[in-house]
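[1] Test case, fold it:
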Amino acid sequence: MIAQADPKLTKVDFDAEPWEQALGAAKEPTYFEFCGLLKSKVEQSKAAGQNRAAQLYTLLHATVSLCPTWGASATPFRPAVDFSPAYRSASLDDFGADEVSVLRDVAPDIRDPEFRARVADVAWVLGRDYKMARLAISAYVESAIRLEGLVRFPDFIERLQRAIQLALMVGQRDPALLSSVTSEIEKLIQKRSPAETKWPCNDLMRLLIEAETGDMTKYAAISGSLATQAERRQDWDVARTYWQCKAEWHRLAKDLGAYRDACLKAAVTYVGEAESALKRPTPSHGACAGLLMRAVEALRKIPGTKARVEELHQRILKEQELIVANETTTHHVSTDISEVVNATVVAFRSKPLEQVLLGLAMIGAPPVMAKLRSSAEEAMRSSIWSQIVPTVYMTEKGKHLAERPSAMEGKQESQDLCLKAEMMRQIKWHRGLMVSGRILPALQVINTEHFVRLQDLEFLGRDNPFVPAGREPIFVRGLFAGLNGDFLIAAHLLVPQVENSIRQLLYNYAGEHRTSKLKNDLTQPERDLNELLYRDDVKRIIGEDLLFDLQSLMIEPGFGANLRNHLAHGLMDTDQFYANEAVYSWWMIWRICCIPQLMQLQEDAAKPNQTSDARPPAEGDEQTTGAS
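    A predicted model of the protein is given here:
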């Protein structure tokens, strides 16, 4: 029960209390604004000793506090705040039968359409009274029309979306009920389309498509016109959205030729966006290549585009060469990078697909900790500036991230911090050389000589200790995206999975079944990557070399790349997903996933009278002896 009134609240209580007056103070007539106002009325009523009024406002507040999940029509509301079992806000389960009954009685007389829609909808969901569903439909439409000119566009679209859902659920024998919603949607399209520059008209037409109604020829033409206008503005996302919408209208009309043409134009918007990436104040060949990859992916789904795909493929290879030449940091190292690139190309050229896929994992390895530490110590001894001057690490916006103290400070803590910073600086050089000299050239050869399918990589996730059961498709799709140069998608799919994979290794191979922790409030959150990568048992499982590489790449702020946290908190621009750290993270996960296969090859090669023809191709490859 939400309200604890005794006797139970009735419609008489609502008629006697001028509760709708409180809604007049809302900045916008939305349930979100109403929620705060009603919460204040609860507190005011309690303070004045008006307990029955407080219970009334408590019930109303609970009704509007529910968060819509209209993508799932069967469970359209959830608690707005849910930290179960510690705390959560009101949910549908909290409403009693008497409260549903009084909401049903009150709903028809509510003047505000937004509030009437919410009360009637909750009464319908909990009581399955068809009159409430019909009342909610008309109220949602009325509220949407009012909101359309007042607030951000998703709000009014969401009301119409829910009205369509309800009409499809309860109006199967009453076409007029659905028509009462779709006719208003069509009026809004007619009103907005002449000046439309963003997505509202698309969202409105998608509702008509969901209901399979509307003049298909008319709305296909509107979609095409809006897409063409967006292309002239070089607003490629919007153009792509409307070409896709146009395609859906043609699909509904069963016009396959026009459907294919619209799909083709939607795919080509990626090419236009790629060209725009090269016209930025700071041109980005990485973003260009990634967008061209998406164009190829879209075109491959359309019959008869093989020649266009091949043309874009050649363009992608040129852009990838420019990435290496212009968008990677070059450092003076003992091996000339051109020789490394040439050696990689020669090693991968004209090799079978299985051999190059496994060879990709063997073209490098995490730096050996002992050598890295020794090199860092030598660099610190030979650099006067690192002995004297502290270094501040900042973001591109000048925010302070970390500070490396002067090596002259006598404290052991400061000395250790300086050593750590220098080791991470050197490992950053290693990544740059790996990406520019090994990984990108290898990918270029693989994509030039082979057409790799998603199913060709399924072996990487199959029975793999690093890949938890049920996560195989995520890993395979992420690895496939990176193999095709789409490191933006690869990072979003793979980087978040590393944490869970480390927990699984900890559980299965270290006998540590407590992968969560018990806090003072008795909640049990899982240990995150920031904690897992500093555990000794994780070090024993994967080795100190790989562990330090993961630390500096994934979670170290300031000195390291902090890739996992930057990605999780939305701190990365598009271009950063094509930088050395993101590319290297993809390769590192590829290497880890290949380890079971490589170990099997070693075992097979060690058997008498047996040889393996899947030897990785790169010259001077390091042998794999474990996860590190």
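[2] Can I get stretch 188-199 in PDB, CA atoms only?
    Presented in PDB, the C-alpha positions along stretch 188-199 are these (Å, rounded to 0.1, in the frame of the first residue of the first chain):
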ATOM      1  CA  LEU A 188       1.900  17.100 -36.600                       C
ATOM      2  CA  ILE A 189       4.000  15.800 -39.500                       C
ATOM      3  CA  GLN A 190       2.200  18.100 -41.900                       C
ATOM      4  CA  LYS A 191       2.900  21.000 -39.500                       C
ATOM      5  CA  ARG A 192       6.600  20.300 -38.800                       C
ATOM      6  CA  SER A 193       7.900  18.900 -42.000                       C
ATOM      7  CA  PRO A 194       8.300  22.200 -44.000                       C
ATOM      8  CA  ALA A 195      10.800  23.500 -41.400                       C
ATOM      9  CA  GLU A 196      12.200  20.300 -40.000                       C
ATOM     10  CA  THR A 197      16.000  20.100 -39.400                       C
ATOM     11  CA  LYS A 198      16.300  17.200 -36.900                       C
ATOM     12  CA  TRP A 199      14.500  14.000 -35.900                       C
END
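[3] Okay, the nearest residue to Gly171 once chain neighbours are set aside and Phe451: tell me how far apart.
    Ranked by Cβ to Cβ, 6 or more residues apart in numbering and with sequence neighbours excluded, the top spatial neighbour of Gly171 is Leu177, at 3.4 Å. For the C-beta atoms, the positions are set from N, CA and C on the backbone; glycine is no exception. The span separating Leu177 from Phe451 equals 51 Å under the rule Cβ to Cβ, to the nearest Å.
[4] Between the two, tell me which one has more neighbours.
    For Leu177 versus Phe451, neighbours defined as other Cβ atoms under 10 Å are more numerous around Leu177 (19 against 10).
[5] Show the average pLDDT along the host helix or strand of that one.
    Taking DSSP states H and E as the criterion, Leu177 maps to helix 175-192. pLDDT averaged over helix 175-192 equals 95, rounded to a whole number.
[6] Which other helices and strands does it contact?
    Applying 3 or more Cβ pairs under 8 Å, 6 or more residues apart in numbering; DSSP states H and E, one finds that helix 175-192 contacts helix 130-147, helix 153-170, helix 200-211.
[7] give me that answer again for 10 Å
    Identification of packing neighbours for helix 175-192 by 3 or more Cβ pairs under 10 Å, 6 or more residues apart in numbering; DSSP states H and E yields helix 130-147, helix 153-170, helix 200-211, helix 216-232.
[8] got JSON lines for those, with mean pLDDT and mean neighbour count too?
    What follows is these, written out as JSON lines (pLDDT from 0 to 100; neighbours: other Cβ atoms under 10 Å):
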{"stretch": "helix 130-147", "mean pLDDT": "96", "mean neighbour count": "22"}
{"stretch": "helix 153-170", "mean pLDDT": "90", "mean neighbour count": "22"}
{"stretch": "helix 200-211", "mean pLDDT": "95", "mean neighbour count": "21"}
{"stretch": "helix 216-232", "mean pLDDT": "97", "mean neighbour count": "19"}
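[9] Distance-wise, check Leu291 relative to Leu317.
    Taking Cβ to Cβ as the criterion, Leu291 is separated from Leu317 by 15 Å.
[10] the more surrounded of those two?
    Set Leu291 next to Leu317 and count neighbours by other Cβ under 10 Å: Leu291 wins out with 26 against 17.
[11] surely that one meets Glu273?
    Yes - counting by Cβ atoms under 10 Å, Glu273 is a contact partner of Leu291 at 5.1 Å.
[12] can I assume Arg206 is in contact with Glu212?
    No - Arg206 is not in contact with Glu212 according to Cβ under 10 Å; the separation is 11.7 Å.
[13] Looks like the residue nearest to Gly171 contacts Leu135 (just checking).
    No - when contacts are counted by Cβ under 10 Å, Leu177 is not listed as touching Leu135 (11.6 Å).
[14] shared neighbours, those two?
    With Cβ atoms under 10 Å, 6 or more residues apart in numbering applied, the overlap between the contact sets of Leu177 and Leu135 consists of Leu166.
[15] low-scoring pLDDT stretches of this protein, where are they?
    Residue ranges of the chain with pLDDT under 70: 71-74, 151-153, 324-325, 327-336, 383-415, 510-526, 558, 603-628.
[16] Assess the claim that Lys8 and Ser101 are in contact.
    Yes - at 8.7 Å, Lys8 counts as touching Ser101 under the criterion of Cβ under 10 Å.
[17] could I get the helices and strands packed on helix 175-192 as JSON lines with distance to Leu322?
    Conversion of those to JSON lines gives the following (distance: least, Cβ to Cβ, whole Å):
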{"stretch": "helix 130-147", "distance to Leu322": "48"}
{"stretch": "helix 153-170", "distance to Leu322": "39"}
{"stretch": "helix 200-211", "distance to Leu322": "34"}
{"stretch": "helix 216-232", "distance to Leu322": "25"}
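[18] Quick one, which of those gets closest to Pro76.
    Within the helices and strands packed on helix 175-192, the stretch nearest Pro76 is helix 153-170; the backing value is 7.1 Å (Cβ to Cβ).
[19] Count residues in the vicinity of Trp199, would you?
    By the measure other Cβ under 10 Å, the count of residues near Trp199 is 18.
[20] any idea how far Ile489 is from it?
    When distances are taken as Cβ to Cβ, Trp199 and Ile489 turn out to be 22 Å apart.
[21] what do you get for Gly24?
    Between Gly24 and Ile489 the computed distance is 48 Å (Cβ to Cβ).
[22] which residues does the residue sitting nearest the centre point of the chain contact?
    Averaging the C-alpha coordinates of the chain gives a centre point, and the residue nearest to it by Cα atoms, centre = their mean is His492 (5.8 Å). Counting by Cβ under 10 Å, 6+ apart, His492 makes contact with 478, 481, 486, 567, 572, 577, 582.
[23] wait, which of those is closest to Gln504?
    Within the contacts of His492, the smallest distance to Gln504 is 16.6 Å, found for Gly478 (Cβ to Cβ).
[24] Tell me the buried residues in the helix or strand in which Arg52 is found?
    Here Arg52 sits within helix 51-65, counting by DSSP H and E. Neighbour counts over helix 51-65 (16 or more other Cβ atoms under 10 Å) mark 52-65 as buried.
[25] What's the separation between the closest residue to Thr69 other than its chain neighbours and Trp124?
    For Thr69, the nearest residue in space outside its immediate sequence neighbours is Arg78; the separation is 5.3 Å by Cβ to Cβ, 6+ apart. Counting by Cβ to Cβ, the gap from Arg78 to Trp124 is 16 Å.
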